[in-house]
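Asker: Okay, structure incoming, though there's no sequence with it:
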Ligand code: CA
């Protein structure tokens, strides 16, 4: 009897162990153009690339609302912004709604979120939380736990996020599978690299994107924004030109250093960068292009520490043998402009901010080197993770599992994604818009302060420079896409968009 019990117990724990662990690494504003696995020539991300090499890389993973908090709310709920209620940044996530990690918990998973979350509330579904309050800080950040207790730690945020992730992995119950979200603050504005990465890209002269001096013909919303390197990027706060290290203002950005950190930071940004800025007295195009170079240097140097720490985490998984049964995802909450259209920031349905990097390794299931071209949305992330965990997908989730796409066992994937952006006018004056992205086209309707339709042929015009909505040759394409868009609006029950569509007739 005893041996039968023992046998049953062993078989049970073996079965339980067969469910894969999942580590979901989500950074902030880190875009595909800055990842070498996506072919970036301006930088190297050797550790993020390891995930792509050992699994699948997605070339058309798009978000449904290109902004930080709303993207994470969609990750947690598998629902579009109008359904989960989190349409704009800096709001409070409604925690009285189902989130998918609760399903994982019900199915025996331990769940944890470490690092950046930024939802204004602590959602259910996590056994362990050690997260940055709000945007968090790059240097000597506070973290809050499940009971909302705040603790300040000395050090650089990417190192601390990695350290706390490993610590949780070390103390979890090893008899249960786990789901861990690693939320990186990098590469969110304002870009503060780790001390060892200061000046890492000073010898690089970054090529200006071909459309850096975009004049926005045929695109009234693009002409109306406030997010250019030229006019919006601030010399003092963004680029650290004579930053005020002691002022309590600047959101406390530059007054958090230890004396040793401050000395190094000051030595680089004040004695070197600001001094060179003063001496050259640039203006006009020379100044804009210098700002672009500084932006790229700061942004990419900030990513260096994150990539290094992702490498540490992957090494830890290998060292402990966890890598054999652990799915690893790397993604960002959305893409970002690295000077395309003259911009930084995100928000628009245009390609650079619509797409987000996504790679996933799943040993024994996803073939290493898999390249995925299908259009996949961030509403599909939650159901896919539930599918990987062999857990039922609640019917209210609006996305679909794309696990069959990753394993090549799918035909007739939907290949279209719905988009709706809301936040206006602050902080970047981007008009609200909704639209559809298919394998070939983006059709978008701007509304609110201005009214305009735009159509882009992604295959011919991946930079979204030529709005061909009025082109008579596109008439039938427009009609077809409007039909598909209307169908999406009905399926997803977006009443606000429906009213605007219906008012057109
Ligand atoms: Ca973001």
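Answerer: Nice, I can see it. Please read all numbers here as calculations on a predicted model, not as lab measurements.

Asker: Which stretches in the stretch 201-350 of the chain count as strands?
Answerer: Per DSSP state E, counting those that start in this stretch, the stretch 201-350 of the chain carries strands over the ranges 326-332.

Asker: near the ion, which residues of it?
Answerer: Contact residues (Cβ under 5 Å from the ion) of the stretch 201-350 of the chain with the ion: residue 333. No exception for glycine: its C-beta is placed from N, CA and C like everyone else's.

Asker: what residue ranges in the stretch 201-350 of the chain score low on pLDDT?
Answerer: Applying pLDDT under 70 to the stretch 201-350 of the chain picks out residues 249-252.

Asker: Next: the stretch 351-500 of the chain.
Answerer: For the stretch 351-500 of the chain (pLDDT under 70), the answer is none.

Asker: where exactly do the helices run in it?
Answerer: Assigned by DSSP state H, counting those that start in this stretch, the stretch 351-500 of the chain shows helices spanning 351-354, 381-388, 403-406, 475-492, 495-502.

Asker: and residue 290, how many neighbours?
Answerer: Number of residues near residue 290 (other Cβ atoms under 10 Å) recorded here: 15.

Asker: So stretch 355-374, near the ion or not?
Answerer: No: judged by Cβ under 5 Å from the ion, stretch 355-374 and the ion are separated, with a smallest distance of 9.2 Å.

Asker: so how far is that stretch off the chain centroid?
Answerer: Between the centre of stretch 355-374 and the centre of its chain there are 17 Å (Cα atoms, centre = their mean, to the nearest Å).

Asker: Go through it and flag the buried ones.
Answerer: Under the neighbour-count criterion of 16 or more other Cβ atoms under 10 Å, stretch 355-374 has 355, 356, 357, 358, 359, 360, 361, 362, 366, 370, 372, 374 buried.

Asker: Between which two of those residues is the distance greatest?
Answerer: Across the buried residues of stretch 355-374, no pair lies farther apart than 355 and 362, at 21.6 Å, counting by Cβ to Cβ.

Asker: who's in contact with residue 323?
Answerer: 314, 317, 363 (Cβ atoms under 8 Å, 6 or more residues apart in numbering).

Asker: Quick check: can you list the domain ranges of the protein?
Answerer: According to automatic domain parsing, the chain comprises the domains 17-191+301-410, 215-294, 421-502.

Asker: Now the closest residue to the ion within the chain: closest residue in space, sequence neighbours ignored.
Answerer: For the chain and the ion, the shortest gap (Cβ to the ion) falls at residue 68, measuring 3.4 Å. In this structure, residue 68 finds its nearest non-sequential neighbour in residue 333, 5.1 Å apart by Cβ to Cβ, 6 or more residues apart in numbering.

Asker: Quick check: the one you found touching residue 65?
Answerer: No: taking Cβ atoms under 8 Å as the definition, residue 333 is not a contact partner of residue 65, at 10.1 Å.

Asker: Which neighbours do those two have in common?
Answerer: Contact with both residue 333 and residue 65 is made by residues residue 71, according to Cβ under 8 Å, 6+ apart.

Asker: Which pLDDT value belongs to residue 14?
Answerer: As predicted, residue 14 sits at a pLDDT of 48.

Asker: circling back: now the domains of the chain as CSV including distance to residue 207?
Answerer: Converted to CSV, those look like this (distance: least, Cβ to Cβ, whole Å):
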stretch, distance to residue 207
domain 17-191+301-410, 8
domain 215-294, 10
domain 421-502, 14
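
Asker: okay, these, which one's buried deepest?
Answerer: domain 17-191+301-410 (a mean of 20; mean count of other Cβ atoms under 10 Å).

Asker: The stretch 201-350 of the chain: helices as residue ranges?
Answerer: So, for the stretch 201-350 of the chain - with DSSP H, counting those that start in this stretch - the helices run 220-224, 259-268, 275-280, 284-319.

Asker: Between strand 326-332 and the last one, find me the angle.
Answerer: For the pair helix 284-319 and strand 326-332, the angle between their directions (axes from the mean of the first three to the mean of the last three Cα atoms, to 10 degrees) equals 170 degrees.

Asker: which ones are touching residue 248?
Answerer: Contacts of residue 248 (Cβ under 8 Å, 6+ apart): residue 255.

Asker: residues from the stretch 51-200 of the chain in reach of the ion?
Answerer: residue 68.

Asker: average model confidence for stretch 139-155?
Answerer: For stretch 139-155, the mean per-residue pLDDT is 97.

Asker: Need the residues that contact that stretch.
Answerer: Contacts of stretch 139-155 (Cβ under 8 Å, 6+ apart): 122, 126, 128-133, 136, 156-157, 160, 163-164, 185, 192, 256-258, 261.

Asker: rerun that using 10 Å as the cut-off
Answerer: Here stretch 139-155 makes contact (Cβ atoms under 10 Å, 6 or more residues apart in numbering) with 112-117, 122, 126-137, 156-157, 159-161, 163-164, 185, 192, 194-195, 253-254, 256-258, 261-262, 265.

Asker: Over to that stretch now: how far is its first residue from its last?
Answerer: The first and last residues of stretch 139-155 sit 6 Å apart, counting by Cα to Cα, to the nearest Å.

Asker: just how off-centre is that stretch within its chain?
Answerer: The answer for stretch 139-155 is 22 Å, by Cα atoms, centre = their mean.

Asker: quick one: residue 500 from residue 441, how far?
Answerer: According to Cβ to Cβ, to the nearest Å, residue 500 and residue 441 sit 19 Å apart.

Asker: So for residue 204, which of the domains of the chain sits nearest?
Answerer: Each of the domains of the chain has some distance to residue 204 by Cβ to Cβ; the shortest is domain 17-191+301-410, at 7.1 Å.

Asker: would you list every one of the strands in the stretch 51-200 of the chain?
Answerer: So, for the stretch 51-200 of the chain - with DSSP E, counting those that start in this stretch - the strands run 56-58, 61-62, 110-116, 128-132, 142-145, 150-152, 178-183.

Asker: out of these, which comes closest to residue 171?
Answerer: Nearest of the strands of the stretch 51-200 of the chain (Cβ to Cβ): strand 128-132, 9.1 Å.

Asker: Among the buried residues of stretch 355-374, which lie within strands?
Answerer: 358, 359, 360, 361, 370, 372 (DSSP state E).

Asker: Quick check, residue 421 in contact with residue 80.
Answerer: No: if you go by Cβ atoms under 10 Å, residue 421 and residue 80 don't touch, sitting 11.3 Å apart.

Asker: Show the contacting residues for the closest residue to residue 213 other than its chain neighbours.
Answerer: In space, residue 213 comes closest to residue 342 once its chain neighbours are excluded; the distance is 6.5 Å by Cβ to Cβ, 6+ apart. Each residue near residue 342 by Cβ under 10 Å, 6+ apart is listed here: 208-209, 211-216, 222, 225, 227-232, 288, 292.

Asker: and if you look at residue 363?
Answerer: 20, 54, 55, 323, 324, 325, 326, 327, 328.

Asker: rerun that using 7 Å as the cut-off
Answerer: Going by Cβ atoms under 7 Å, 6 or more residues apart in numbering, residue 363 touches 323, 324.

Asker: One more: residue 353?
Answerer: 66, 334, 335, 336, 337, 346, 347.

Asker: again, only using 6 Å
Answerer: By Cβ atoms under 6 Å, 6 or more residues apart in numbering, the contact list for residue 353 reads 66, 334, 335, 346.

Asker: give me every residue that touches the nearest residue to it once chain neighbours are set aside.
Answerer: Distance criterion Cβ to Cβ, 6+ apart; nearest residue to residue 353, sequence neighbours excluded, is residue 346 at 3.9 Å. Contacts for residue 346 (Cβ under 6 Å, 6+ apart) come out as 66, 334, 336, 353.

Asker: Look up the residues forming beta bridges with residue 443.
Answerer: residue 436, residue 455 (DSSP bridges).

Asker: pretty sure it contacts residue 457?
Answerer: No: contact criterion Cβ atoms under 6 Å: residue 443 and residue 457 do not qualify, at 10.6 Å.
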